[in-house]
Each structure stands twice: as structure tokens, then as C-alpha cells.
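Student: sequence isn't available, so here's the structure alone:
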């Protein structure tokens, strides 16, 4: 079967993949996206959008009328509560949103198609390799099987799977990863304009967990309620996510006047590293590139930005795009994400976790730094105190990282 030629082939129709497709199609490139789910499929997620994500969606000209606007974050650690608005800066909007993924992803898919991208649903695609070079994808089976030749293949498959194994882009074995679980419930506080994060989360044994519980009001009569934990805690493999969520639900039920769960709680894995994010003829974007903040499990904003960046560099120079992409993503995010992973090993020890959480919201100045970290507002260009603190944390944790890993909490 003769191969059809496209400028760009995208594997995965989530935010990272569709952002790339929108950018490419609007630039006049021939682009095709293969999504294994249906149009309008749901994706298990917390549904929260940071100001950074809103900035990326604005750049993509995605209307936000269907999203519930959020002006800040309420952080709870023990008995202390800090409610702060998102900061006003010249880099990002001063508001976020909650937008259930079935609606967000549909909006992005429709925008990609409207821009001229070919969207193919309910179809599994795998890269075609010629030695170490990816030359395109093979998709579908039987009479619907297609061979696509592409100058660039963008891997936007989320958590590592078959595609990552083929390309050697699996998660780094000894690095942090996370697990999260969420459901929805009705609440009269559905139109609250602040996200809520319980930083002092406890496991089913009553001990502190490196992670947090969240209440993300969706503005449609419901709240997304969930929690997540990092793999650096003692007993992580035995952690019962359903029990942890139910215990958290009991903590917030009266305050939020929660109704019954509207669906069965669903869990997912949060990748936070990758062994490779580019090679000859391909790049990985979003979660597939390990671009997830270890301190909040958020990655939609990184997915949108990395998808657009990959296409911009391809337009600039197709031959150097993969290597330049890896370099630029590294310059922008690696120090911050590396610091987050190292920090996760630190708080994996309960005797460090408890005082650390108390300190995170102890004063308004420190809480503003925590807000910037939780809001994905920190990268290599962040000015002010938050940027300096993260720079110092990267250097300091780098010195003790070998000790942290040797003394990591037993799983």
C-alpha cells in the first residue's frame, strides 16, 4: 500500500496533540491526528486550568465561554488556610478555569478540524521506523489500515505505552511518578471562584501522604473531587486510592454540602519523566515528554505549550526541529521539573513532610511562592522571589539528591 504524505502526523488527540495540529494547520501544513478514543471522549483528569494554560488557550484562540472562571487557590495545611488570587503579571492572565476534559478536549479537536487538520478517531497509530528514524505512522487495521509518511511525527500519547516502548521513551525507572483518582459530586458551591487544595492529605492509615486533595468547582452544579499521591512515600504500592478518596470526601463533605458521587471514581497514572523526548523524525510533547509538575500533577499547560513549540520549530527548520525542540524544552522547564522530582524524594519522609507542609502556607509571602509553584507559573524566565527561590532550591537539592535517593522511603 502506497504511503500518503503529510507534513506532520500526530499520535494522540489530547490538548498537546491538538495544540500542535491547530498550529500546523493554521500555518498551511498538511497534518493528520490519530486519536484512539471517540470524538468527545472523556479523559480522567482534575479538570483545572492554570493561568498558564489559559494563556496558551488564548494564543490558540480557543473560546472559553464553556469554562468556569477561577480567580485563585485556597490552600489548606493542617489548621491553616490561605486563600490567594492568581497574581497579575505581564506573562499570564490573572485567572484560571475549570473545564471538564470531555468539553475542553472536544473544543480543541473541533478547532483543529476547523483549521484544516484531518482528525481520525477510534484508531490506534504506531510509528514507522527506518532504523532509528521515524518516517511516519501506520494506523488502523484491515480495510481501514493506512500508512502515513510524515516529515515529523509528534507523539502526544499521554502516559507511556506501546509508542513509548518502540521509541525508547519510557519513564525513567527510578524517578518519581504519581497516581491520582477523581469523581464528581453535586454541590451548592459549584460556582466558587477558588480552587481548593488540601496539602495535609492523609492515607488510610492516618499518616501524612506526599500529595494533596482537591475540590475544583466546575460551575455546572458539580465539583471535581480527587486526590493524588507521589511514589516516594513509604507504602506507596499498598496505597488504596479509593479509600484515600473516601476519607478525603468525609473531610470536605459538610463544608461543601456534597451530594452522592455522580460516577465511579476513576484513577490514572501521572508520568513525570521520560528517557527520551526526541529522535530523528519525531518529538514527544506533553505527558509523553514527562512534562508534568511533580508538585501538583498538572500538565495541560505544558502540553499546549510544547505542542505549539514543536510545530513552530518545524516551520522554522524541519531538519533541526527535533533537536532544537529538546534543547528549548530543556532550557524552559527542566530545572523546575527536576527540582520538583527531587523535592518529592525529600517529602517522601514523613518527618520532613509535616513541617514542610506547615511552612508552605506559614506566611503570606511563602504562600505566594507555593501558589506560583502550584499554578505552574515558574520556569527559567520567572522573575522575582519565586524564581530566585526555585533557582536556589534546584542548586541546593542537587547537592543532597544522591542522599535523598539512597535514603528514600521504602515503597
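Tutor: That came in fine, so what should we check first? This one's a predicted model, so the numbers in the text were calculated from it and none came from an experiment. Numbers count the residues shown, from 1 in each chain.

Student: so the nearest residue to residue 140 once chain neighbours are set aside is in which element?
Tutor: Among residues not flanking residue 140 along the chain, residue 123 sits closest, at 5.1 Å (C-beta to C-beta, 6 or more residues apart in numbering). Using the backbone N, CA and C atoms, a C-beta is placed for each residue, glycine as well. According to DSSP states H and E, residue 123 maps onto no helix or strand at all.

Student: contacting residues for residue 123?
Tutor: 34, 35, 36, 139, 140, 144 (C-beta atoms under 8 Å, 6 or more residues apart in numbering).

Student: nearest to residue 321 among the residues you listed?
Tutor: Closest to residue 321 out of the contacts of residue 123 is residue 34 (20.0 Å), distances taken as C-beta to C-beta.

Student: which residues does that closest one bridge with?
Tutor: Bridge pairing for residue 34 (DSSP bridges) gives the partners residue 11, residue 120.

Student: I figured it hits residue 120, correct?
Tutor: Yes: using C-beta atoms under 8 Å, residue 34 is in contact with residue 120, at 5.0 Å.

Student: the more surrounded of those two?
Tutor: Taking neighbours as other C-beta atoms under 10 Å, residue 34 and residue 120 compare with residue 34 leading, 27 against 19.

Student: give me every residue that touches that one.
Tutor: For residue 34, the contact set (C-beta under 8 Å, 6+ apart) comprises 9, 10, 11, 12, 13, 120, 123, 124, 125, 137, 139.

Student: would you confirm that the second one contacts residue 20?
Tutor: Yes: the pair residue 10 / residue 20 is scored as a contact, 5.7 Å apart, by C-beta under 8 Å.

Student: who's more crowded, these two?
Tutor: residue 10 (36 against 33).

Student: measure that one to residue 21 for me?
Tutor: Note on residue 10: its distance to residue 21, by C-beta to C-beta, to the nearest Å, is 6 Å.

Student: likewise for residue 364?
Tutor: 42 Å.

Student: what is the burial count for residue 217?
Tutor: By the criterion of other C-beta under 10 Å, residue 217 has 25 neighbours.

Student: likewise for the one 5 residues further on?
Tutor: The criterion is other C-beta under 10 Å. On that basis, residue 222 has 21 neighbouring residues.

Student: separation between it and residue 184?
Tutor: Counting by C-beta to C-beta - residue 222 and residue 184 are separated by 5 Å.

Student: shared neighbours, those two?
Tutor: residue 262.

Student: still on that earlier bit, tell me the one among the contacts of residue 34 nearest to residue 3.
Tutor: Nearest to residue 3, judged by C-beta to C-beta, of the contacts of residue 34 is residue 137 at 9.8 Å.

Student: excluding chain neighbours, what is closest to the closest one?
Tutor: residue 125 (4.4 Å).

Student: what of residue 243?
Tutor: In space, and not counting its chain neighbours, residue 243 is closest to residue 204: 4.2 Å by C-beta to C-beta, 6+ apart.

Student: give me the low-pLDDT residue ranges for this protein?
Tutor: Judged by pLDDT under 70, the chain has its weakly predicted residues at 1, 382-411.

Student: if we can go back for a sec, quick one: which of the contacts of residue 34 has the most company?
Tutor: That'd be residue 10 among these, by other C-beta under 10 Å, with 36 neighbours.

Student: could you measure from it over to residue 381?
Tutor: 27 Å.

Student: quick one: common contacting residues for residue 10 and residue 20?
Tutor: By C-beta under 8 Å, 6+ apart, the residues touching both residue 10 and residue 20 are 31, 154, 156.

Student: narrow these to those in helices?
Tutor: Using DSSP state H, no member of those falls in helices.

Student: buried members of these into ChimeraX, please.
Tutor: Buried members of those, defined by 16 or more other C-beta atoms under 10 Å, are picked up in ChimeraX with:
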select :31,154,156
